[in-house]
Every structure is written in structure tokens, then in C-alpha cells.
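Student: 3D model of this:
(one chain, ligands or ions: 1)
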Amino acid sequence: MRKLTYYIACTIDGFIGDPEGDATSMFKFADGPYMEWMNAEYPETVPTQGRQMFGIDGENRHFDTIVQGMGSYRLALDIGVTSPYSHLREYVATRSTTESPDPAVELIADDLVGRVRELKAEDSPLDIYLCGGSTIAGELIEEIDELIIKTYPQVYGTGMPMFGAGFEPRDFELGDVRAFDNGVLVRTYTRKR
Ligand SMILES: NC(=O)c1ccc[n+]([C@@H]2O[C@H](COP(=O)([O-])OP(=O)(O)OC[C@H]3O[C@@H](n4cnc5c(N)ncnc54)[C@H](OP(=O)(O)O)[C@@H]3O)[C@@H](O)[C@H]2O)c1
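Tutor: Okay, here's the model as predicted:
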């Protein structure tokens, strides 16, 4: 089975965006050695437009598939981008949109968990990038095998949580930890089952 990895940026207090999900206040930390390392290690997590802008054309290293909710995908649609991760197989969960805005993007309307389990069961050396947002991360929480949490040195006080899920403790084992001079901390956790 390949892994479902929730790769996500958040504040120190664990919010992935303001109460509406807007994470732009964190963007100012996406620079310098931190960004150079992330772009080299996880080039496939940079949206296609950004890859073109920054000259990132490396092969996919960790992921070949992306899953996101319509709330997250809509950010791309709003700026006229219908295939924001064209270097990955793109899946978008939505019940309200029945026709995909792009032939490269497959919509998932029914049985999100079952469809993700099918993707995990595929024979591939690369894993699945769960992009978010909060709602589908909450719905897929039991399927998440790995967390890569990019913590930015900001506190929101309130906002959109990492998981839109109910209370239930789940254990994870800490793996790689990297701290950068700009205050960003990147931690990798594996789900203990
Ligand atoms: N900090 C970060 O790194 C980061 C990363 C990604 C996203 N975000 C933020 O997250 C926000 C979006 O999060 P969100 O929680 O509002 O939305 P979301 O999780 O991206 O998407 C929710 C939508 O997905 C669809 N959906 C949910 N469950 C489904 C199911 N079981 N089957 C089929 N479709 C399903 C529904 O779409 P329909 O309403 O169309 O039916 C639902 O409205 C954005 O504002 C973005 O900025 C932050």
C-alpha cells in the first residue's frame, strides 16, 4: 500500500488559514533556504504555475497523485487555472460540481474514502499528496499515513483547523525535523496503527 500524506502549512497554533481558510499571511515565510530546500525535496508540491515561475522542472520525488477538496481547488479555479498540479494525477472531491473543469482533473463525488483506498492500493513507488483543505482532511483522517507539517512562526488565535473532524486522540510517531533560520519548522510524522 502506498501512503496518503497530508502535507500542510499551518500556524504555531495549528491553523491552516484564517476562519475562511485564507493562508496568505504565511506566504512571507516561503523564501530563502527554507524554500530552496522544500522546492528541491518536494518539487511536485509546487503548483504548475509556480514551477514555471521558479524554473522547477525536476521529476516527482515523493508523490504522483494529488487529492484535494473543492474548497482548496477553487482557489486555482478563481484565477482561471483548471489543472493546478498538471505534473500529478489530480483528484478533486466535490458533490456540487458534476462536470470536471479540466480533462486532467477527475472529480470524486461518491465514496471519497473508498476511492482514496483504491488509489492507495495502486502499485506505484510514489505516494499520494493530500493537499487539503480542512474538510476533506477531516473526512480522510483515518486514511492518513503520514503528516508533513510546515509550521510558520505565526499565531492566529482562531482560524481553519488542520482537520475538520471530531475529537479523538490518534497517535503519530515523529520522524524528520528541520528548523530553518526564518522560523519555519518542518516535521514529518507517521501514523501509529
Ligand atoms: N495551509 C495550507 O497549506 C492549505 C492547504 C490547502 C488548503 N488550504 C485552505 O483550505 C481552505 C479550503 O478548506 P475547506 O475545508 O473549506 O474545503 P476543502 O476541504 O478543500 O473542500 C471541501 C469541499 O470538498 C467537497 N467534499 C467534501 N467532502 C466530500 C465528500 N465526502 N465527497 C465529495 N466531495 C466532498 C465539497 O465540495 P462541494 O461543496 O463542491 O460539494 C466540500 O465543500 C482554502 O481556503 C485553503 O486556503 C490551506
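Student: going by C-alpha atoms from here, please, whenever you check contacts or count neighbours.
Tutor: OK.
Student: the ligand contacts on the protein?
Tutor: For the chain, the residues in contact with the ligand (Cα under 6 Å from any ligand atom) are 8-10, 16-17, 20-23, 68-72, 93-97, 108-110, 112, 131-136.
Student: in ChimeraX, how would I select the buried members of those residues?
Tutor: Here is the ChimeraX command that picks out the buried ones among the residues of the chain next to the ligand, judged by 16 or more other Cα atoms under 10 Å:
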select :8,9,10,16,17,21,23,68,69,70,71,72,93,94,108,112,131,132,133,134,135,136
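Student: just the residues of the chain next to the ligand: which are in helices?
Tutor: Met70, Gly71, Ser72, Leu112, Ser134, Thr135, Ile136 (DSSP state H).
Student: leaving out chain neighbours, which residue sits closest to the spatially most central residue of the chain?
Tutor: Centroid-nearest residue in the chain, with Cα atoms, centre = their mean: Cys131, separated by 2.1 Å. Among residues not flanking Cys131 along the chain, Gln68 sits closest, at 5.2 Å (Cα to Cα, 6 or more residues apart in numbering).
Student: contact partners for that neighbour?
Tutor: Residues near Gln68 by Cα atoms under 8 Å, 6 or more residues apart in numbering: Tyr91, Val92, Ala93, Leu130, Cys131, Gly132, Gly133, Ile136.
Student: run the last query once more with 6 Å
Tutor: Neighbour list for Gln68: Val92, Cys131, Gly132 [criterion: Cα atoms under 6 Å, 6 or more residues apart in numbering].
Student: now Arg89, which residues is it bridged with?
Tutor: Thr65 (DSSP bridges).
Student: what about it, how many neighbours?
Tutor: Residues near Arg89, counting by other Cα atoms under 10 Å, number 17.
Student: what's the pLDDT at Ile79?
Tutor: Note for Ile79: predicted pLDDT of 96.
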